[in-house]
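Undergrad: coordinates only, sequence not included:
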């Protein structure tokens with residue numbers, strides 16, 4: 001990683017982060033498990049290089065658990081996503097969370113591989129859940145990465161030791 005700095009999100013950079021989210025996700029909101037999230041408004045961490053965001057991880061805290069609502073890196077294979085996940089795990093431990101979890105769609109094979117390499121495991125398949133998510137966010141495409149139909153949500157978690 002060359003000259004990349006990581007920091008906790010503060011209100012100063014929210015508009016820049018909003019633009020970053022729109023660039024990659026086509027809007028301001030994400031839907032997981034029937035809930036709408038606005039990642040640029042949530043707590044999290046971001047990576048910056050030469051004054052511009054190159055990575056973002058946001059989360060939601062509920063009932064002693066951290067849900068990662070977005071992880072996006074401008075460039076792959078540079079360690080940005082890994083470092084953002086490490087920062088989130090450190091924060092979750094400091095907050096006393098019992099687990100860190102997230103949802104990906106069935107087409108996102110790259111994310112499935114990424115998270116498994118970092119100690120996350122599949123705990124639930126929410127069959128046909130994307131049908132409900134499209135009611136909240138109609139922009140979710142029918143076909144995803146590599147032409148795979150987007151239908152199911154996969155819930156991954158990493159348990160944290162107390």
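TA: Right, received. Where do you want to start? Remember, predicted model here, so these are calculated numbers, not experimental data.
Undergrad: low-confidence regions, this protein specifically.
TA: 1-2, 162 (pLDDT under 70).
Undergrad: max-length strand in it?
TA: strand 52-62 (DSSP state E).
Undergrad: give me the residues contacting the helix or strand following it.
TA: Under the assignment DSSP states H and E, the closest C-terminal helix or strand after strand 52-62 is strand 65-73. For strand 65-73, contacts defined as C-beta atoms under 8 Å, 6 or more residues apart in numbering pick out 20-21, 24-25, 30, 32, 37, 39, 42, 44, 47, 54-61, 80-81, 84-85, 88, 91-92, 95, 97-103, 111. Bear in mind the C-beta positions are built from the backbone N, C-alpha and C, glycine included.
Undergrad: can you list the strands that strand 65-73 pairs with?
TA: strand 52-62 (antiparallel), strand 99-105 (parallel) (DSSP bridges).
Undergrad: JSON lines for those, including distance to residue 149 and mean neighbour count?
TA: Below are the strands paired with strand 65-73 laid out as JSON lines (distance: least, C-beta to C-beta, whole Å; neighbours: other C-beta atoms under 10 Å):
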{"stretch": "strand 52-62", "distance to residue 149": "27", "mean neighbour count": "20"}
{"stretch": "strand 99-105", "distance to residue 149": "10", "mean neighbour count": "21"}
